[in-house]
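>>> Turn this into a model:
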Amino acid sequence: MSATATTLKQQMQRIAASWPGDPFRPNVQLKTFMESLAEHPNLTPAAVRASQALQNDVFKNKYALSQKTLQPASFPHYYTRLIEAFDKSAKGIRRPWWKIFFNIW
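Numbers count the residues shown, from 1 in each chain. Reported below is the predicted structural model:
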């Protein structure tokens, strides 16, 4: 294995180690994919750069969403509530049955 291949492998393993786990899909983890990609014999610098870009939110910053998209006039709190629901669900917190029944957030 050449020095660059070893360096790429180490960089990819570092990225995979710092990647957070997905609590909603425990059997399908991006971290596991990146670890196996680090072991691939044809690992390229472009793949490592793409993984670093995903880790550093380059695309989120490059293609930022406008407030009009994040808070549509028809339902301005939709995405805020959606993120809140995902966070609570990951922690195991459920909405009470009466809030679900009466559609109260």
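>>> Check this protein for its longest helix and report it.
helix 3-18 (DSSP state H).
>>> Run through who's touching it.
Outside helix 3-18, the residues that touch it by C-beta atoms under 8 Å, 6 or more residues apart in numbering are 1, 31, 34-35, 37-39, 43-45, 47-48, 51-52, 55. Heads up, the C-betas are built off the backbone N, CA and C, glycines and all.
>>> repeat for stretch 22-38
8-9, 12-13, 15-17, 19-21, 43, 47, 51, 86, 89-90.
>>> Give me the distance between residue 35 and residue 41.
15 Å (C-beta to C-beta, to the nearest Å).
>>> Would you mind telling me which of the two has the busier surroundings?
residue 35 (16 against 7; other C-beta atoms under 10 Å).
>>> hang on, the earlier thing: out of the contacts of stretch 22-38, what pair is the most spread apart?
8 and 89 (36.4 Å; C-beta to C-beta).
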